[in-house]
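Asker: Here's a sequence, model it:
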Amino acid sequence: MIISAGCLLILLGIFSVFITFKYVKPNSRIITQELNLQLKKIVNIPEGLSTGTSYDKNSFTWEMITPEKEVVGVNFDYDPAYPKYKDKVAASLEMAEGGDPAIFDKALPALVADENSLRVVMGSGGSESSTAAGLKYSRINVVHDSSGRVIKVIWDISKSSLKENRVDYSSLSNFPDFALRHLYSLYDYVRDALKG
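Answerer: Next up is the predicted model:
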């Protein structure tokens, strides 16, 4: 019995959809949920925010109000580092485009949850590598504007330290990056096609 190329492609498509719905998307959701919980140890992310998610970036956007009733937009995003070749999660907290760095600077003590990170951000000491309630980060990079005010903070967090905190990437490590990326995208494509 000879299977035609068309039948083979259909079988491959069905198998890909099965893998996507059974393994890739559920496991990437679990990883994202756990990462969101772990990253709240370094940044005070308000409850109830919807997450903008993609293969390469998960993001939160909200407005922060200072005690003086000044408002500044805030962006927090991170690379979930799904592929096995990525060994760290890079998370960044930054002022929204067009924001006032002076207001963002005032809001930082309420935004940064980790005391050591806050000391580094505010320039009053602290270690660039530390542990925030069990979450180990290897580096903090603080970006300033031309007047010396903080406009962005970047944390590098080792995936191995996340594993100690219940973030388990092993379910996705069997897939090469190109396959994982396509399977991740296939979920949205199939879901949208079924919605019509």
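
Asker: residues in contact with stretch 161-172?
Answerer: Stretch 161-172 is contacted from outside by 23-24, 27-28, 30-31, 34-35, 38, 81-84, 89, 134-137, 159, 180, using CB atoms under 8 Å, 6 or more residues apart in numbering. (C-beta placed from N, C-alpha, C; glycine too.)

Asker: Would you mark the buried spots in that stretch?
Answerer: Using 16 or more other CB atoms under 10 Å as the test for burial, stretch 161-172 gives 161-162, 165, 167, 169, 172.

Asker: Show the buried residues in the contacts of stretch 161-172.
Answerer: Counted by 16+ other CB under 10 Å, the contacts of stretch 161-172 give 24, 27-28, 31, 35, 38, 81-84, 89, 135, 137, 180 as buried.

Asker: Would you map the strands across this protein?
Answerer: Along the chain, counting by DSSP state E, strands occupy 52-53, 58-65, 71-78, 88-95, 130-132, 135-144, 150-158.

Asker: So which residue is dead centre in the protein?
Answerer: With distances taken as CA atoms, centre = their mean, the residue of the chain nearest its centroid is Tyr78 (2.8 Å).

Asker: ok, now which ones touch that residue?
Answerer: With CB under 8 Å, 6+ apart, Tyr78 has these contacts: 35, 39, 57-59, 89-92.

Asker: Tell me how many other residues crowd Ile151.
Answerer: 17 (other CB atoms under 10 Å).

Asker: nope, Met64 is what I meant
Answerer: Met64 sits with 21 neighbouring residues when counted by other CB under 10 Å.

Asker: ok, the residue nearest to it when sequence neighbours are not counted to Ser4 distance?
Answerer: Nearest non-adjacent residue to Met64, counting by CB to CB, 6 or more residues apart in numbering: Ala107, 4.3 Å away. Here the distance between Ala107 and Ser4 works out to 62 Å (CB to CB, to the nearest Å).

Asker: now swap in Asn174 and tell me
Answerer: 29 Å.

Asker: Kindly report the same for Phe60.
Answerer: Per CB to CB, Phe60 is found 48 Å from Ser4.
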